[in-house]
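>>> sequence and predicted structure below; questions after.
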Amino acid sequence: MSFLQSLFGKPKLNYRQRFELLQESRTGTMSQVYKARDKETGQLVALKILDMKKIKAVEARWKGTGKPSEGAIAVQFEHPYIVKTMEHGITTDGSQYILMEYLEGTGLDNILKVPADMLAGSRVYYVRQVAEALQEVHNKGFLHRDICPRNLIFTGDASALKLTDFGLSVPNKPPFTEPGNRTGTANYMAPELVRRKPTDIRLDVFAFGVTVYEMFTKELPWMRGDTGNAAMGHSEEPEPITTYRPQINKTLAKAVRSCIEPDVAKRCPNMGTFLKMIRDAGGEDE
């Protein structure tokens, strides 16, 4: 039985009847996310409605593998730095939905576009949170496969930076780790993923490293590009982070470099190792 068949066995949600849609908060590549209010409880939530045509195209790559749905993966996490998913299923109009906690803050990608340094004094604080969130994903037996600033959201009081969007996530086991399936965001893709080689949690470590590099510099270690072909350059030596931020803590710079190592065999093996590496990095780079 496919994940869609199992979802269709559940009661369907008439989301317009249950929720007051207040605004469209985010438009993703495969979904729309609305800020909504539960009419019965008054609770503010994030309601994600997936584009079924696009979802089916992605799921076709995993046909016959028993891949769990995005909602089935996301609902497994109870972690302070992962956006909480309360429920998931199918709407009365045949779309897949995911109901999540609503965060008043913006995405890290938006913060990085602002000319002012909005992260001053807090980078290491947030880096540790993201590392712990990703460690939890891996501990639960999954690959996120799309770690990037767009998928990291601040709480309204900026006390936390939370990981979200499990749309490309898969179990960390065959056939999901076998060569051939190149999905993700091009600027953050690991070389082994770009070149369609076998993968493991180190593809997430790489994307995490690129994201952290960007948090400190607002630049990428390689030339930006929107396609897999542009990401081919990720096999080359990255630009040292000190080029853009010479004052960065040396321990932290070394840890970030270990995450974006093009040679997967030499790359930082997991988030636990990274967290140990930055234990003495202090509170900030300045």
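Nice, I can see it. Residues are numbered from 1 along each chain as shown.
>>> can we go C-alpha only for contacts and neighbour counts from here?
OK.
>>> any idea whether residue 61 is helix, strand or coil?
Three-state call for residue 61 (DSSP: H, G, I helix; E, B strand; the rest coil): helix.
>>> dump the residue contacts of it.
Residues near residue 61 by CA atoms under 8 Å, 6 or more residues apart in numbering: residue 181.
>>> so it versus residue 170, what's the distance?
12 Å (CA to CA, to the nearest Å).
>>> next, count neighbours for the closest residue to residue 180 other than its chain neighbours.
In space, residue 180 comes closest to residue 196 once its chain neighbours are excluded; the distance is 4.6 Å by CA to CA, 6 or more residues apart in numbering. Look at residue 196: counted by other CA atoms under 10 Å, it has 15 neighbours.
>>> residue 196 and residue 258, how far apart?
On the measure of CA to CA, residue 196 and residue 258 end up 22 Å apart.
>>> hmm, residue 47 is touching residue 97, no?
Yes. The criterion here is CA atoms under 8 Å, and residue 47 meets it with residue 97 at 7.0 Å.
>>> which positions in the helix or strand harbouring residue 211 come out as buried?
Assigned by DSSP states H and E, residue 211 falls within helix 202-217. Neighbour-count burial for helix 202-217 flags 202-217 (criterion: 16 or more other CA atoms under 10 Å).
>>> now do stretch 134-151
For stretch 134-151, by 16+ other CA under 10 Å, it's 134-138, 142-151.
>>> nearest to residue 117, of those?
residue 149 (15.5 Å; CA to CA).
>>> residue 95 versus that closest one, what's the distance?
27 Å.
>>> do residue 131 as well
32 Å.
>>> tell me the secondary structure of the residue sitting furthest away from the middle of the chain, please.
The C-alpha centroid of the chain is most remote from residue 40, which lies 31.4 Å away (CA atoms, centre = their mean). Secondary structure for residue 40, judged by three-state DSSP, is coil.
>>> which one is it nearest to, not counting chain neighbours?
That would be residue 18: by CA to CA, 6+ apart, it lies 7.5 Å from residue 40.
>>> next one: residue 101
Residue 101 sits nearest to residue 45 (CA to CA, 6+ apart), 5.1 Å away.
>>> mind giving me the packing neighbours of whichever helix or strand the one you found is part of?
According to DSSP H and E, residue 45 maps onto strand 44-50. Strand 44-50 is packed against strand 31-38, strand 96-101, with contacts defined by 3 or more CA pairs under 8 Å, 6 or more residues apart in numbering; DSSP states H and E.
>>> from residue 146, how far off is the closest residue in space to residue 33 that isn't next to it in sequence?
In space, residue 33 comes closest to residue 48 once its chain neighbours are excluded; the distance is 4.2 Å by CA to CA, 6+ apart. Distance, residue 48 to residue 146, by CA to CA: 17 Å.
>>> who does residue 32 form a beta bridge with?
When bridges are called by DSSP bridges, residue 32 pairs up with residue 27, residue 49.
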